[in-house]
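Colleague: Got a predicted structure plus its sequence, pasted below:
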Amino acid sequence: MTADAAKLRDSLHAAMPAAMKARDRRAVSALRSALAAIANAEAVEVGGEVRAGAIEASPVGVGAAEVARQVLSEADVAAIVRAEIAERRAAAAAYEAAGHGERAAELVAEADALAPYLR
């Protein structure tokens, strides 16, 4: 992850304790979801073929089986957060159309909680 992308992720992560202390469950939910989406985007694709092998052929030692995570740019991380916001707004519109205004308001509040981090 680049330094700029780390800034956005770190600001989302730093906002979590404040939202938890304020008992703002919508902000906490939105922050957790955005951070999870970023972590999922950094995950490395698993090869198509899964093979079982002999124990003696397996990697040994701390970190021997670790693979470096994908590097995301600031634009990638911002796009993920924008997608999280857009997803919540679209779902809110669907809930509103279905007559579930309370759930729609919760989703709009979650989207509004994420929006300030995209300066």
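Modeller: On my side now, so go ahead.

Colleague: Quick check: nearest residue in space to residue 91, chain neighbours excluded?
Modeller: Using Cβ to Cβ, 6 or more residues apart in numbering and skipping the chain neighbours, the partner closest in space to residue 91 is residue 107 (5.3 Å). Glycine gets a C-beta too; all of them are placed from N, C-alpha and C.

Colleague: wait, that neighbour sits on residue 85?
Modeller: No: judged on Cβ atoms under 8 Å, residue 107 makes no contact with residue 85 at a distance of 10.2 Å.

Colleague: neighbour-wise, which of those two wins?
Modeller: Using other Cβ atoms under 10 Å as the criterion, residue 107 and residue 85 rank with residue 107 on top: 23 against 20.

Colleague: quick one: which helix or strand includes that one?
Modeller: Assigned by DSSP states H and E, residue 107 belongs to helix 101-114.

Colleague: Next, the buried residues of that helix.
Modeller: 104, 106, 107, 108, 109, 110, 111, 113, 114 (16 or more other Cβ atoms under 10 Å).

Colleague: quick one: contacts for the residue found closest to the second one once you drop the neighbours it is linked to in the chain?
Modeller: When you say that, I think you mean residue 106. Excluding the flanking residues, the one nearest residue 106 by Cβ to Cβ, 6+ apart is residue 26, at 5.9 Å. Listed by Cβ atoms under 8 Å, 6 or more residues apart in numbering, the contact partners of residue 26 are 106, 109, 110, 113.

Colleague: What's the separation between the residue nearest to residue 20 when sequence neighbours are not counted and residue 66?
Modeller: Excluding the flanking residues, the one nearest residue 20 by Cβ to Cβ, 6+ apart is residue 28, at 5.7 Å. Distance of residue 28 to residue 66, computed by Cβ to Cβ, to the nearest Å: 30 Å.
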